[in-house]
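Chemist: Got a predicted model here, sequence first, then my questions.
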Amino acid sequence: MECVTVPLASQTEDAHAKQFDAPTDGAARIYLIRPGTMAPKQKTEIFFDGKLAGILAPMTYLMIDTHVGAHTVGFNLQPASWTSLNVKGDQNTYIQEQISQFFSAEKIAFVVLDTRSGQSDVLKSSLISMTTNVSADHPPINKVNVEKSDSP
């Protein structure tokens, strides 16, 4: 199988993200990590609260700054793929994308990690660039900063 690649952030941005500074002013930060190289060699489009957040390949991660509370993360726009999570303010949350394959069936799950495991996975991975065009089907990706809406 061939390796897959995704555009990576600069080494400076990656090093800054790996300092694990907690957000301030009640904000929340999510590190979404795809560790390991044994998973299927393919890219995964990651959706956060129904919006394209980035494309992960093995040994990559993305960092999302958002508001406190309930959110969803998924690998496509179908609600059946979404995992719900609740993030707290002034802290980092680490989520691992797990891909398993059994014959031709593939299963993707998202698991919240403890801080030590999450930071360990991030340190072994590279930050993806979030300012690239994904495809003709999706608009350019900008760093995901999710604002709290007034709607329920």
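Modeler: Arrived safely. Remember, predicted model here, so these are calculated numbers, not experimental data. Numbers count the residues shown, from 1 in each chain.
Chemist: so how far is residue 31 from residue 120?
Modeler: When C-beta to C-beta, to the nearest Å is the yardstick, residue 120 and residue 31 sit 11 Å from each other. The C-beta positions use only the backbone N, C-alpha and C, and glycine is treated the same way.
Chemist: more neighbours, the two?
Modeler: It is residue 31, of residue 120 and residue 31, that has more neighbours when counted by other C-beta atoms under 10 Å, with 23 against 15.
Chemist: Isn't that one up against residue 61?
Modeler: Yes. With the criterion set as C-beta atoms under 8 Å, residue 31 and residue 61 qualify as a contacting pair; they are 5.7 Å apart.
Chemist: Output the contacting helices and strands for the top strand by length along the chain.
Modeler: In the chain, taking DSSP state E as the definition, the longest strand is strand 91-102. Other helices and strands packing on strand 91-102, by 3 or more C-beta pairs under 8 Å, 6 or more residues apart in numbering; DSSP states H and E, are strand 28-34, strand 44-48, strand 83-87, strand 105-113, helix 115-123.
Chemist: I'd like the average pLDDT over stretch 64-84.
Modeler: Averaged over stretch 64-84, pLDDT sits at 87.
Chemist: Could you list the buried residues of that stretch?
Modeler: Within stretch 64-84, the residues that qualify as buried by neighbour count (16 or more other C-beta atoms under 10 Å) are 64, 66-68, 71, 73-75, 82-83.
Chemist: Please convert these to TSV, extending it with distance to residue 47 and secondary structure.
Modeler: Formatted as TSV, the entries for the buried residues of stretch 64-84 read as follows, by distance: C-beta to C-beta, whole Å; DSSP: H, G, I helix; E, B strand; the rest coil:
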residue	distance to residue 47	secondary structure
64	11	strand
66	13	strand
67	17	coil
68	20	coil
71	11	strand
73	7	strand
74	5	strand
75	7	coil
82	8	coil
83	11	strand
